[in-house]
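Peer 1: Dropping the sequence and predicted coords here.
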Amino acid sequence: MEIRNKEVDTSTKVNAKFRNFPMVPRVIFGKGSFDQLGEILLPKRKNSEAPMIYLIDDVFEGGSLISRIPRFPNDQIIFISADEEPKTAQVDFLTDGIRSQFSQLPSGIVGIGGGTLLDLAKAVAIMLNNEGRSQDYQGWDLVKQPAIYHVGIPTISGTGAEVSRTTVLLGPEKKLGINSDFTPFDQVVLDPDLTKGVAKDQWFYTGMDCFIHCVESLNGTFLNAFSQSYGEKALELCKEVYLEDLEDADARDKLMMASWHGGMSIAYSQVGVAHAMSYGLSYLLGVRHGIGNCLVFQHLEEYYPEGVALFHAMRKKHQINLPKGICSDLTDSDYDIMIRVALSLEPLWENALGKEWRSIISPEKLKAIYQKI
Ligand code: NAD
Ligand code: ZN
């Protein structure tokens, strides 16, 4: 199985001298903005045979949000668990199911949830208009036809999946995103009230994904004014949210915008050591993205001294106790696998440590860090 950098394009095309990447063309922000969804979707509805398909995190099943969905008779709601990361087989199953039920393509796909549901919505929207299986499109710029209209509605803040050009999928052979100009959402609805029910630990882990995006982008050798401007803003917002005593509503607003800006920052730079090593954990042990980043980042004071000090201050303030002993039973060959996966993410190391990164980092150093987790 192959693991490649999940969040940032590393293709030759986007590694051309200047990246020319698409942005989300329409976004609406504000508490209660979800209730404008009906109005937003109306002009996109083709006819009664072309419904809107809602892919919704099953945590909302039976809750009040569902009664607020602007639902026309043929529209369909599909509840999906976010307990596992999205898989290519799951995308194909959803796509086949939708195709078999309707005589024409749906008017659109609306994803409601965290990074997991947002990634599924992007992938299904692409696959409905492209032949073959989703695993054929894992990589860079392999998608031939535009995705159908797709809308992203985050219900937890941090990953930046709402702005990114990728959708991360676990396939039979590799864990890799569908990175393409057709991947970004056509419309994003940022309603901070939708994040109200998030459990505290999850709020911390997914929010720290954003914080770590900022630290890795701002301390990387790929930094430029574009990334810096977004990264600094996102970092400032994360500090306010996690270190000050904001009103809950203010904190929700600010974390949602931090996620957006953090995603924009890495779109034009790169992540670094924590993400590289977190992919090793995820590959071998299935550790989820947000918590995996935290587990690694807490031990990276050598590379990100200020960021790690801030991280510990935030963790203490919110009384988050990270699990311990995750790697305690691993064999030498397990460590070798994680180290191989981590070191294969070359652009992340180059961003973090410069062109000479191979002389700075070593398998022994990585092993010593993994052993602390
Ligand atoms: P998630 O979607 O995995 O959800 C985490 C948990 O929070 C789930 O249990 C979910 O049910 C719950 N949840 C979400 N919203 C809730 C709410 N309002 N109330 C109560 N519970 C709620 O979380 P995530 O951290 O946003 O996403 C992680 C995924 O995102 C990973 O699969 C990762 O690979 C992917 N990712 C994608 C990108 C990208 O650019 N495409 C970037 C980073 C991460
Ligand atoms: Zn991340």
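Peer 2: Yep, it's here. Ligands and ions are numbered 1, 2, ... in the order given.
Peer 1: Based on its surroundings, how many neighbours for residue 139?
Peer 2: 17 (other C-beta atoms under 10 Å). Backbone N, C-alpha and C define where each C-beta goes, glycine included.
Peer 1: same thing with residue 25?
Peer 2: By other C-beta under 10 Å, neighbour count at residue 25 equals 10.
Peer 1: and what of residue 42?
Peer 2: 10.
Peer 1: Distance check, it against ligand 1.
Peer 2: Distance, residue 42 to ligand 1, using C-beta to the nearest ligand atom, to the nearest Å: 25 Å.
Peer 1: can you check residue 225 too?
Peer 2: 22 Å.
Peer 1: neighbouring contacts of stretch 316-331?
Peer 2: 200-201, 204, 242-243, 281, 284-285, 287, 291, 294-295, 298, 315, 334-335, 370-371, 373 (C-beta atoms under 8 Å, 6 or more residues apart in numbering).
Peer 1: Equivalent analysis for stretch 55-74, please.
Peer 2: Against stretch 55-74 from outside (C-beta under 8 Å, 6+ apart): 34-35, 37-38, 41, 45, 48-49, 51-52, 54, 75, 77-82, 94, 102, 109-114, 116-117, 120-121, 124, 155, 194, 197.
Peer 1: now do stretch 334-351
Peer 2: Contacts of stretch 334-351 (C-beta under 8 Å, 6+ apart): 3-5, 8, 10, 216, 220-222, 269-273, 275-277, 279-281, 283-284, 327, 357-358, 361, 363, 366-367, 370-371.
Peer 1: try 7 Å this time
Peer 2: Stretch 334-351 is contacted from outside by 3, 5, 10, 220-222, 269-272, 275-277, 279-281, 283-284, 357, 361, 363, 366-367, 370, using C-beta atoms under 7 Å, 6 or more residues apart in numbering.
Peer 1: what's near enough to touch residue 356?
Peer 2: So residue 356 contacts nothing (C-beta under 7 Å, 6+ apart).
Peer 1: Just checking the distance from the helix or strand that contains residue 100 to the centre of its chain.
Peer 2: Following DSSP states H and E, one finds residue 100 within helix 88-101. Put simply, helix 88-101 sits 22 Å off its chain's centre (C-alpha atoms, centre = their mean, to the nearest Å).
Peer 1: Pull that helix out as CSV, backbone CA atoms only.
Peer 2: Extracted in CSV, the C-alpha atoms of helix 88-101 (Å, rounded to 0.1, in the frame of the first residue of the first chain):
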residue,chain,number,x,y,z
THR,A,88,-12.7,3.9,-2.5
ALA,A,89,-15.1,0.9,-2.2
GLN,A,90,-17.5,3.0,-0.2
VAL,A,91,-17.4,5.8,-2.8
ASP,A,92,-18.1,3.3,-5.6
PHE,A,93,-21.0,1.7,-3.6
LEU,A,94,-22.6,5.1,-3.0
THR,A,95,-22.1,6.1,-6.6
ASP,A,96,-23.5,2.9,-8.0
GLY,A,97,-26.5,3.1,-5.7
ILE,A,98,-27.3,6.7,-6.7
ARG,A,99,-26.9,5.8,-10.5
SER,A,100,-29.2,2.8,-10.2
GLN,A,101,-32.0,4.7,-8.6
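Peer 1: helices or strands next to the helix or strand just after that helix in the packing?
Peer 2: Next in sequence after helix 88-101, counting helices and strands by DSSP H and E, comes strand 108-113. For strand 108-113, the packing partners by 3 or more C-beta pairs under 7 Å, 6 or more residues apart in numbering; DSSP states H and E come out as strand 52-57, helix 115-127, strand 150-154.
Peer 1: again, only this time at 8 Å
Peer 2: helix 37-41, strand 52-57, helix 115-127, strand 150-154 (3 or more C-beta pairs under 8 Å, 6 or more residues apart in numbering; DSSP states H and E).
Peer 1: now the angle between helix 88-101 and that strand, please.
Peer 2: Relative orientation of strand 108-113 versus helix 88-101 (axes from the mean of the first three to the mean of the last three C-alpha atoms, to 10 degrees): 140 degrees.
Peer 1: before we move on, the earlier item: as CSV, the helices and strands packed on strand 108-113 with distance to residue 343, mean pLDDT and mean neighbour count would be great.
Peer 2: CSV is the format used below for these (distance: least, C-beta to C-beta, whole Å; pLDDT from 0 to 100; neighbours: other C-beta atoms under 10 Å):
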stretch, distance to residue 343, mean pLDDT, mean neighbour count
helix 37-41, 44, 98, 16
strand 52-57, 34, 98, 24
helix 115-127, 25, 98, 29
strand 150-154, 32, 99, 27
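Peer 1: Nearest to residue 179, out of these?
Peer 2: Smallest distance to residue 179 across those (C-beta to C-beta): 10.7 Å, for helix 115-127.
Peer 1: Quick one: name whatever helix or strand follows that closest one.
Peer 2: Following helix 115-127 in sequence, per DSSP H and E, is strand 139-140.
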